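Chemist: structure, please.
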Amino acid sequence: MMNNLFSIFDPSTNLFNLPINWISTLLWITFIPYSFWFIPNRQFMLWNLISFKLHNEFKTLLGINKFKGSTFIFISLFFFILFNNFLGLFPYIFTSTCHLTISLSLSLTLWLSFMIYGWLNNTQHMFIHMIPQGTPTILMPFMVLIETISNIIRPGTLAVRLTANMIAGHLLLTLLSSTGNSLSSYLLIILIISQILLLTLESAVTIIQSYVISILSTLYSSEVN
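Modeler: Next up, the predicted model:
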(Lines give C-alpha, C1' and ligand atoms only; values in the text may rest on other atoms or scores of the structure.)
Protein backbone atom coordinates (compact mmCIF):
# COMPACT_ATOMS: atom_id res chain seq x y z
CA MET A 1 0.00 0.00 0.00
CA MET A 2 2.75 2.44 0.90
CA ASN A 3 4.45 1.77 -2.42
CA ASN A 4 1.25 2.48 -4.33
CA LEU A 5 0.48 5.53 -2.21
CA PHE A 6 3.75 7.33 -2.87
CA SER A 7 4.12 6.13 -6.46
CA ILE A 8 1.96 9.08 -7.56
CA PHE A 9 4.91 11.35 -6.67
CA ASP A 10 7.56 9.09 -8.23
CA PRO A 11 9.00 10.73 -11.37
CA SER A 12 10.57 7.44 -12.46
CA THR A 13 7.19 5.74 -12.85
CA ASN A 14 6.65 4.86 -16.50
CA LEU A 15 3.54 5.11 -18.65
CA PHE A 16 3.46 2.46 -21.39
CA ASN A 17 7.17 1.91 -20.67
CA LEU A 18 7.89 5.54 -21.54
CA PRO A 19 9.28 7.90 -18.84
CA ILE A 20 7.11 10.85 -19.86
CA ASN A 21 5.96 12.06 -16.43
CA TRP A 22 7.82 15.34 -16.56
CA ILE A 23 6.15 16.23 -19.86
CA SER A 24 3.07 17.10 -17.79
CA THR A 25 4.95 20.26 -16.78
CA LEU A 26 4.45 21.55 -20.33
CA LEU A 27 0.74 20.72 -20.59
CA TRP A 28 -0.19 24.19 -19.33
CA ILE A 29 0.89 25.61 -22.69
CA THR A 30 -2.22 24.06 -24.25
CA PHE A 31 -4.39 26.23 -21.95
CA ILE A 32 -3.02 29.51 -23.29
CA PRO A 33 -5.84 31.10 -25.32
CA TYR A 34 -5.30 32.10 -28.92
CA SER A 35 -5.21 35.84 -29.55
CA PHE A 36 -5.46 36.09 -33.33
CA TRP A 37 -9.27 35.89 -33.57
CA PHE A 38 -11.18 39.07 -34.41
CA ILE A 39 -13.71 38.38 -31.67
CA PRO A 40 -12.03 37.10 -28.46
CA ASN A 41 -13.65 34.18 -26.70
CA ARG A 42 -14.51 34.02 -23.00
CA GLN A 43 -11.29 32.19 -22.13
CA PHE A 44 -9.20 34.94 -23.70
CA MET A 45 -11.23 37.66 -21.95
CA LEU A 46 -10.83 35.90 -18.59
CA TRP A 47 -7.09 35.47 -19.22
CA ASN A 48 -6.75 39.19 -19.99
CA LEU A 49 -8.81 40.15 -16.93
CA ILE A 50 -6.67 38.07 -14.55
CA SER A 51 -3.45 39.30 -16.16
CA PHE A 52 -4.59 42.93 -15.91
CA LYS A 53 -5.53 42.59 -12.23
CA LEU A 54 -2.23 40.89 -11.41
CA HIS A 55 -0.30 43.49 -13.38
CA ASN A 56 -1.84 46.34 -11.38
CA GLU A 57 -1.20 44.60 -8.07
CA PHE A 58 2.40 43.66 -8.87
CA LYS A 59 3.06 47.16 -10.21
CA THR A 60 1.92 48.61 -6.88
CA LEU A 61 4.11 46.21 -4.90
CA LEU A 62 7.21 46.85 -7.00
CA GLY A 63 7.00 50.62 -6.47
CA ILE A 64 8.27 53.46 -8.59
CA ASN A 65 11.75 51.98 -9.15
CA LYS A 66 10.47 49.00 -11.12
CA PHE A 67 11.62 48.12 -14.62
CA LYS A 68 9.09 48.21 -17.42
CA GLY A 69 7.67 44.78 -18.08
CA SER A 70 9.01 43.25 -14.87
CA THR A 71 5.47 42.44 -13.72
CA PHE A 72 5.08 39.96 -16.57
CA ILE A 73 7.76 37.75 -15.00
CA PHE A 74 5.60 37.25 -11.93
CA ILE A 75 2.39 36.95 -13.97
CA SER A 76 4.02 34.13 -15.94
CA LEU A 77 5.16 32.52 -12.68
CA PHE A 78 1.60 32.71 -11.35
CA PHE A 79 0.09 31.02 -14.39
CA PHE A 80 2.83 28.38 -14.55
CA ILE A 81 2.33 27.29 -10.94
CA LEU A 82 -1.47 27.61 -11.17
CA PHE A 83 -1.87 25.32 -14.16
CA ASN A 84 0.65 22.77 -12.91
CA ASN A 85 -1.12 22.61 -9.55
CA PHE A 86 -4.51 22.37 -11.17
CA LEU A 87 -3.49 19.66 -13.65
CA GLY A 88 -2.17 17.59 -10.77
CA LEU A 89 -5.73 17.19 -9.47
CA PHE A 90 -6.72 15.14 -12.52
CA PRO A 91 -6.25 11.35 -12.35
CA TYR A 92 -3.11 9.88 -13.89
CA ILE A 93 -1.48 13.27 -14.44
CA PHE A 94 1.90 13.70 -12.78
CA THR A 95 2.10 16.64 -10.35
CA SER A 96 5.44 18.29 -11.00
CA THR A 97 4.99 20.98 -8.33
CA CYS A 98 5.04 18.26 -5.65
CA HIS A 99 8.79 18.00 -6.23
CA LEU A 100 11.49 20.34 -5.00
CA THR A 101 13.12 19.92 -8.41
CA ILE A 102 10.58 22.32 -9.89
CA SER A 103 9.68 24.55 -6.95
CA LEU A 104 13.26 25.04 -5.73
CA SER A 105 14.50 25.70 -9.27
CA LEU A 106 11.96 28.50 -9.66
CA SER A 107 12.47 30.11 -6.25
CA LEU A 108 16.26 29.75 -6.19
CA THR A 109 16.66 31.21 -9.68
CA LEU A 110 14.54 34.25 -8.88
CA TRP A 111 16.18 34.77 -5.47
CA LEU A 112 19.71 34.53 -6.89
CA SER A 113 18.90 37.00 -9.65
CA PHE A 114 17.47 39.46 -7.11
CA MET A 115 20.47 39.11 -4.82
CA ILE A 116 23.07 39.46 -7.58
CA TYR A 117 21.37 42.54 -8.98
CA GLY A 118 20.85 44.10 -5.54
CA TRP A 119 24.38 43.61 -4.25
CA LEU A 120 25.98 44.76 -7.50
CA ASN A 121 23.85 47.83 -8.13
CA ASN A 122 22.36 48.82 -4.75
CA THR A 123 24.99 47.68 -2.27
CA GLN A 124 24.36 50.46 0.24
CA HIS A 125 20.60 49.85 0.16
CA MET A 126 21.14 46.12 0.77
CA PHE A 127 23.30 46.85 3.82
CA ILE A 128 20.78 49.37 5.17
CA HIS A 129 17.95 46.86 4.71
CA MET A 130 19.70 44.45 7.09
CA ILE A 131 19.31 46.82 10.05
CA PRO A 132 15.78 48.08 10.79
CA GLN A 133 15.45 51.74 11.66
CA GLY A 134 15.78 52.48 15.38
CA THR A 135 17.82 49.37 16.21
CA PRO A 136 20.13 49.91 19.23
CA THR A 137 23.85 49.83 18.46
CA ILE A 138 24.50 46.81 20.69
CA LEU A 139 21.89 44.73 18.79
CA MET A 140 23.09 45.63 15.29
CA PRO A 141 25.41 42.58 14.84
CA PHE A 142 22.62 40.23 15.93
CA MET A 143 20.12 41.92 13.59
CA VAL A 144 22.53 41.57 10.68
CA LEU A 145 22.95 37.86 11.47
CA ILE A 146 19.21 37.28 11.80
CA GLU A 147 18.39 39.20 8.60
CA THR A 148 21.11 37.33 6.70
CA ILE A 149 19.79 33.93 7.80
CA SER A 150 16.19 34.88 7.01
CA ASN A 151 17.29 36.11 3.59
CA ILE A 152 19.21 32.93 2.79
CA ILE A 153 16.33 30.58 3.68
CA ARG A 154 13.79 32.48 1.57
CA PRO A 155 14.02 30.27 -1.55
CA GLY A 156 13.81 27.17 0.62
CA THR A 157 10.68 28.40 2.41
CA LEU A 158 9.01 29.26 -0.89
CA ALA A 159 9.78 25.84 -2.35
CA VAL A 160 8.83 23.87 0.76
CA ARG A 161 5.58 25.83 1.16
CA LEU A 162 4.44 24.94 -2.36
CA THR A 163 5.64 21.33 -2.24
CA ALA A 164 4.23 20.57 1.21
CA ASN A 165 0.79 21.98 0.41
CA MET A 166 0.54 20.01 -2.81
CA ILE A 167 1.74 16.75 -1.25
CA ALA A 168 -0.55 17.07 1.80
CA GLY A 169 -3.71 17.45 -0.27
CA HIS A 170 -2.86 14.63 -2.66
CA LEU A 171 -1.96 12.25 0.16
CA LEU A 172 -5.19 13.01 2.02
CA LEU A 173 -7.30 12.38 -1.08
CA THR A 174 -5.44 9.14 -1.82
CA LEU A 175 -5.67 7.84 1.76
CA LEU A 176 -9.41 8.49 1.97
CA SER A 177 -10.12 6.94 -1.42
CA SER A 178 -8.16 3.78 -0.53
CA THR A 179 -10.67 2.99 2.24
CA GLY A 180 -13.70 2.94 -0.07
CA ASN A 181 -13.61 -0.81 -0.76
CA SER A 182 -14.23 -1.75 2.86
CA LEU A 183 -17.04 0.72 3.64
CA SER A 184 -20.79 0.24 3.68
CA SER A 185 -23.14 2.11 1.35
CA TYR A 186 -23.94 4.90 3.80
CA LEU A 187 -20.33 5.48 4.71
CA LEU A 188 -19.40 5.35 1.03
CA ILE A 189 -21.80 8.21 0.31
CA ILE A 190 -20.23 10.22 3.13
CA LEU A 191 -16.77 9.42 1.73
CA ILE A 192 -17.74 10.60 -1.74
CA ILE A 193 -19.16 13.86 -0.36
CA SER A 194 -16.02 14.44 1.71
CA GLN A 195 -13.85 13.72 -1.33
CA ILE A 196 -15.76 16.29 -3.36
CA LEU A 197 -15.35 18.86 -0.58
CA LEU A 198 -11.64 18.09 -0.30
CA LEU A 199 -11.24 18.38 -4.06
CA THR A 200 -12.92 21.78 -3.92
CA LEU A 201 -10.56 22.78 -1.12
CA GLU A 202 -7.58 21.58 -3.14
CA SER A 203 -8.76 23.62 -6.11
CA ALA A 204 -8.72 26.68 -3.88
CA VAL A 205 -5.28 25.74 -2.54
CA THR A 206 -3.88 25.57 -6.09
CA ILE A 207 -4.96 29.17 -6.70
CA ILE A 208 -3.88 30.43 -3.27
CA GLN A 209 -0.44 28.84 -3.44
CA SER A 210 0.33 30.19 -6.91
CA TYR A 211 -0.81 33.63 -5.76
CA VAL A 212 1.24 33.48 -2.56
CA ILE A 213 4.42 32.39 -4.36
CA SER A 214 4.11 35.13 -6.98
CA ILE A 215 3.29 37.81 -4.37
CA LEU A 216 6.23 36.84 -2.13
CA SER A 217 8.58 36.78 -5.12
CA THR A 218 7.38 40.26 -6.04
CA LEU A 219 7.96 41.52 -2.49
CA TYR A 220 11.46 40.03 -2.43
CA SER A 221 12.32 41.74 -5.70
CA SER A 222 10.98 45.10 -4.47
CA GLU A 223 13.46 45.01 -1.57
CA VAL A 224 16.52 45.20 -3.81
CA ASN A 225 15.55 48.55 -5.40
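Chemist: going by C-alpha atoms from here, please, whenever you check contacts or count neighbours.
Modeler: Fine.
Chemist: state the number of residues packed around Leu110.
Modeler: Leu110 has 18 neighbours, counted by other C-alpha atoms under 10 Å.
Chemist: give me the distance between it and Gln124.
Modeler: Separation of Leu110 from Gln124 (C-alpha to C-alpha, to the nearest Å): 21 Å.
Chemist: what do you get for Gln209?
Modeler: 33 Å.
Chemist: higher neighbour count, those two?
Modeler: Gln209 (21 against 11).
Chemist: buried residues in the helix or strand hosting Ser214?
Modeler: Ser214 is part of helix 185-222, with elements assigned from DSSP states H and E. For helix 185-222, burial by neighbour count (16 or more other C-alpha atoms under 10 Å) applies to 188, 191, 195, 198-199, 202-203, 205-207, 209-211, 213-215, 217-218, 220-222.
Chemist: worst mean pLDDT across the helices and strands of the protein, which element?
Modeler: Of all helical and strand segments in the chain, the minimum by mean pLDDT, DSSP states H and E falls on helix 2-6, at a mean of 53.
Chemist: can you list the weak-confidence ranges in the protein?
Modeler: Scanning the chain for pLDDT under 70 picks out 1-19, 65-66.
Chemist: please, where are all the helices along it?
Modeler: Taking DSSP state H as the criterion, the chain contains helices spanning 2-6, 42-62, 71-87, 100-121, 123-130, 140-152, 154-177, 185-222.
Chemist: residues in contact with the nearest residue to His99 once chain neighbours are set aside?
Modeler: Nearest in space to His99, with sequence neighbours left out and distances taken as C-alpha to C-alpha, 6 or more residues apart in numbering, is Thr163 at 6.1 Å. Counting by C-alpha atoms under 8 Å, 6 or more residues apart in numbering, Thr163 touches Thr97, Cys98, His99, Leu100, Ser103.
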